[in-house]
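Enquirer: Just a sequence and a predicted model for now, questions to come.
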Amino acid sequence: MSSTAFSLNPRKTENFGKNWKFNLGDIPNGQETMLNDSQWRSLDLPHDWSIEGQFNKDNPATPGGGALPGGIGWYRKTFNLPDAEEGRLVFIDFDGVYRNSEVWINGHYLGKRPYGLYFFSL
């Protein structure tokens, strides 16, 4: 690729943290695009739902317990790529996911990570 191509199509970074939906707890088929999430909580990222809980000796985050609650939470976001982006390489970078997270885009499973950094191309 020539340097001209790079100057004609510069890299763009957008903040993806606004206008997410959140549900604490597991949702069967939560990845489905037609799932009704109208009752889910609206929020902006970053967000850590576990800090909304209470420290408790029975929360098993460490061998001795006494941490914040764990569990499953779902985050959803609706977005559209402009037609001008068709054919371009697009990355979504999640840099604060705690662990054991899974990602779907338009109902397609992209993968699971045991740690908190994602780089996926669309």
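Expert: Structure's in. What do you need? Residues are numbered from 1 along each chain as shown.

Enquirer: Break this structure into its domains for me.
Expert: The chain resolves into domains spanning 39-76, 82-122 when parsed by automatic domain parsing.

Enquirer: Residue 45: neighbour count?
Expert: If you count neighbours by other C-beta atoms under 10 Å, residue 45 ends up with 16. From N, CA and C alone the C-beta is placed, and that goes for glycine too.

Enquirer: isn't it right up against residue 17?
Expert: Yes: counting by C-beta atoms under 8 Å, residue 17 is a contact partner of residue 45 at 3.9 Å.

Enquirer: lowest-confidence stretch among the domains of the chain?
Expert: Across the domains of the chain, domain 82-122 has the smallest mean pLDDT, namely a mean of 77.

Enquirer: what's the spacing between that domain and its chain's center?
Expert: Relative to the chain's own centre, domain 82-122 is displaced by 7 Å; criterion: C-alpha atoms, centre = their mean, to the nearest Å.
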